[in-house]
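Asks: Could you work out the structure for the sequence below:
(one chain, ligands or ions: 1)
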Amino acid sequence: MSEPWTDSLRAALDERVVLDPDVLASFCRDQAPLAPAGTPAALVRARSADDVVTTLRFANERRIPVVTRAAGTGLAGGANAVDGCIVLSMIGFDRILHIDAATRTAVVEPGVLNGKLAAEAASRGLYYAPDPASRDISTIGGNIATNAGGACCLKYGVTGDHVAALKVVLPDGTLIRTGSITRKNVAGLDLTRLLVGSEGTLAVIVEATLRLLRAPLSASTLVAFFDSIESAAAAIVAMESIADLSLLEVMDRATVTAVENVTRMGLDTSAAALLIAQSDSPTASDIIAQCQALCRAHAAREVHCTDDPEEGKLLLAARRMALPALERLGTTLLDDIAVPKPALPQMVERIQRIADRHGVLIGTFGHAGDGNLHPTIVFRQAEPGSAAAAYAAFDEIVRAAIELNGTITGEHGVGSLKRDYLGAMVGESERALMLRIKAAFDPNGILNPGKAL
Ligand SMILES: Cc1cc2nc3c(=O)[nH]c(=O)nc-3n(C[C@H](O)[C@H](O)[C@H](O)COP(=O)(O)OP(=O)(O)OC[C@H]3O[C@@H](n4cnc5c(N)ncnc54)[C@H](O)[C@@H]3O)c2cc1C
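Replies: Sure, this is the predicted structure:
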């Protein structure tokens, strides 16, 4: 049944408003299959900051919840609809406004795909560093709202490290600017940093000024296979001593097998773990040779190094296939924990014990150089007890990460999937402060209610 206000919304925003239930159904949830999702009352396809201002003013006056949504590739239920909400889609609000070589900055609308910006920057000899595996399908606005990570974070940092300034609309429709294009800026509280990673709960991003780097040199790559994931984890810890790696990724046997089944690229599926390391420094070959020696010292059964950028890209493409390949095996419950790097061997050992105890398949892959793992529980929902076992394993993995002084989410966000774990992660006083900040931005609580905090 349609809400009484939908005609007025259509009068205000015309063809931007969609009420067709079939279309609405396709805007209900992101890529976290098990996170709760409600049914929206309307969809607004924003094309400009004015559309966002109009939508938020309208919703705030009537206390209608608004869920901002970009490409919907989120993995924590952050963009999932709540019942009776307006879904505010940013996907068509997607122009690259300006790329400036002198200041090495780009000004973009929020719906620009990360990969599109990266390609446009590269065509001018510049580099947009944040590289989530979803870069070709996820947006800059979504990346900022989740503070997305990626493989190159090890050297270049996460999305937030590349955001210079933002234009955002507050829930009452006020448009504000935060940050500055200058390298240095300590004027007042850093609202840009606060908005980065706020998962659509504080304001809607309508424009971002991003920092670009000079294009990196071509990378040298190592791939190493290990007979035990513990030795791979020990090698990862030891690689901390090697300067200037740009990337260090891991996949366990279950993940490698799933990827090999899809790609048929000849990965060794009998190995317990595979590491991929890259360096793009001027002495990349030497750095990769040091990694090779270190992997051998940690009982790697096979190590292959290459200076061929195309071979390196192929190996990274295999790593990017990890999640889609595991998803082909059944329903997935994807985790996203991070621990201090020295605790990685303990964390992988705990994951194995948890898998054995609950009799579930867990494919673990992730950004090993950042201590950020994605243990992915694969199960069959139709099998009795299977979902319960998967949830129990998920719960134990998150709690193990907290015990090891890590975090419940390294890069995907809290969304609705991990909201119940936030209390175990941050203290009561800290959470209360977060809620007061939320209330200062959004006194009527209309933006993405029930998410993240
Ligand atoms: C195959 C695959 C691989 C992935 N790999 C990675 C990875 O390597 N690293 C990583 O960090 N993530 C990864 N992800 C997760 C996901 O791609 C990221 O979280 C991404 O940043 C979400 O962007 P999106 O455009 O899809 O946003 P959505 O999923 O639509 O939204 C994500 C959150 O941002 C909010 N939001 C979106 N736009 C705005 C805006 N303009 N203003 C305010 N709030 C907004 C939404 O409300 C929601 O809370 C992966 C996902 C998939 C499917």
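
Asks: CA only for contacts and neighbour counts going forward, please
Replies: Will do.

Asks: All the strands of the stretch 101-250 of the chain, residue numbers only.
Replies: Listed in chain order, the strands of the stretch 101-250 of the chain (DSSP state E, counting those that start in this stretch) span 105-108, 126-127, 163-169, 175-179, 204-211, 213-214, 220-226, 247-252.

Asks: Quick one, which of the ones you listed gets closest to the ligand.
Replies: The ligand sits nearest to strand 204-211 of all the strands of the stretch 101-250 of the chain, at 3.7 Å, using CA to the nearest ligand atom.

Asks: so that closest one versus strand 175-179, what angle?
Replies: 30 degrees (axes from the mean of the first three to the mean of the last three CA atoms, to 10 degrees).

Asks: How is residue 437 classified with respect to secondary structure?
Replies: Secondary structure, DSSP: H, G, I helix; E, B strand; the rest coil: residue 437 is helix.

Asks: again, but for residue 366
Replies: Residue 366 is classified as strand under three-state DSSP.

Asks: what does residue 43 give?
Replies: strand.

Asks: Give me the neighbour count for it.
Replies: For residue 43, the neighbour count with other CA atoms under 10 Å is 25.

Asks: Wait, it touches residue 13, no?
Replies: No: counting by CA atoms under 8 Å, residue 43 does not reach residue 13; the two are 10.8 Å apart.

Asks: Make a markdown table out of the strands of the stretch 101-250 of the chain and add distance to residue 388.
Replies: Shown next, in a markdown table, are the strands of the stretch 101-250 of the chain (distance: least, CA to CA, whole Å):
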| stretch | distance to residue 388 |
| --- | --- |
| strand 105-108 | 43 |
| strand 126-127 | 44 |
| strand 163-169 | 40 |
| strand 175-179 | 45 |
| strand 204-211 | 36 |
| strand 213-214 | 46 |
| strand 220-226 | 32 |
| strand 247-252 | 24 |
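
Asks: Columns mean pLDDT, mean neighbour count and distance to residue 405 on top of those strands, output as a markdown table?
Replies: Compiled in a markdown table, these are given as follows (pLDDT from 0 to 100; neighbours: other CA atoms under 10 Å; distance: least, CA to CA, whole Å):
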| stretch | mean pLDDT | mean neighbour count | distance to residue 405 |
| --- | --- | --- | --- |
| strand 105-108 | 98 | 22 | 36 |
| strand 126-127 | 98 | 21 | 33 |
| strand 163-169 | 98 | 23 | 28 |
| strand 175-179 | 98 | 17 | 32 |
| strand 204-211 | 98 | 26 | 31 |
| strand 213-214 | 97 | 16 | 33 |
| strand 220-226 | 97 | 26 | 27 |
| strand 247-252 | 97 | 26 | 21 |
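
Asks: Compare the ones you listed and give me the one nearest residue 450.
Replies: Closest approach to residue 450 among these is made by strand 204-211 (16.4 Å; CA to CA).

Asks: and stretch 41-54, what's its mean pLDDT?
Replies: For stretch 41-54, the mean pLDDT works out to 98.

Asks: Contacts for that stretch, please.
Replies: If you take CA atoms under 8 Å, 6 or more residues apart in numbering as the criterion, stretch 41-54 is touched by 2-3, 6, 12-13, 16-19, 24, 27, 55, 83-94, 169, 173-175, 204, 206.

Asks: For ChimeraX, what selects the buried ones among those?
Replies: This is how ChimeraX selects the buried members of these, with burial counted by 16 or more other CA atoms under 10 Å:
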select :6,13,17,18,19,24,27,55,84,85,86,87,88,89,90,91,92,93,94,169,173,175,204,206
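
Asks: Against residue 184, how distant is the residue in the stretch 351-453 of the chain that the ligand sits nearest to?
Replies: Per CA to the nearest ligand atom, residue 411 is where the stretch 351-453 of the chain lies closest to the ligand, at 4.4 Å. According to CA to CA, to the nearest Å, residue 411 and residue 184 sit 26 Å apart.

Asks: Show me which of those two is the more surrounded one.
Replies: residue 411 (23 against 9).

Asks: list the contacts for the more buried one?
Replies: 146, 147, 148, 149, 336.

Asks: what helices or strands is the host helix or strand of residue 312 leaning on?
Replies: Per DSSP states H and E, residue 312 falls inside helix 309-320. Helix 309-320 sits against strand 220-226, helix 253-263, with contacts defined as 3 or more CA pairs under 8 Å, 6 or more residues apart in numbering; DSSP states H and E.

Asks: I'd like the ones you listed as a markdown table, with distance to the ligand appended.
Replies: A markdown table is the format used below for the helices and strands packed on helix 309-320 (distance: least, CA to the nearest ligand atom, whole Å):
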| stretch | distance to the ligand |
| --- | --- |
| strand 220-226 | 19 |
| helix 253-263 | 13 |
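
Asks: hang on, the earlier thing: helices - which of the contacts of stretch 41-54 land there?
Replies: Among the contacts of stretch 41-54, the ones falling in helices (DSSP state H) are 6, 12, 13, 24, 55.

Asks: Looking at these, which two lie furthest apart in space?
Replies: Of all pairs drawn from the ones in helices among the contacts of stretch 41-54, the one with the longest distance (CA to CA) is 12 and 24, at 19.0 Å.

Asks: what about the stretch 101-250 of the chain, any weak spots by pLDDT?
Replies: Residue ranges of the stretch 101-250 of the chain with pLDDT under 70: none are present.

Asks: Any residues of it in contact with the ligand? List them.
Replies: 110, 132-134, 138-139, 141-143, 145-146, 148-150, 199-200, 203-206 (CA under 6 Å from any ligand atom).
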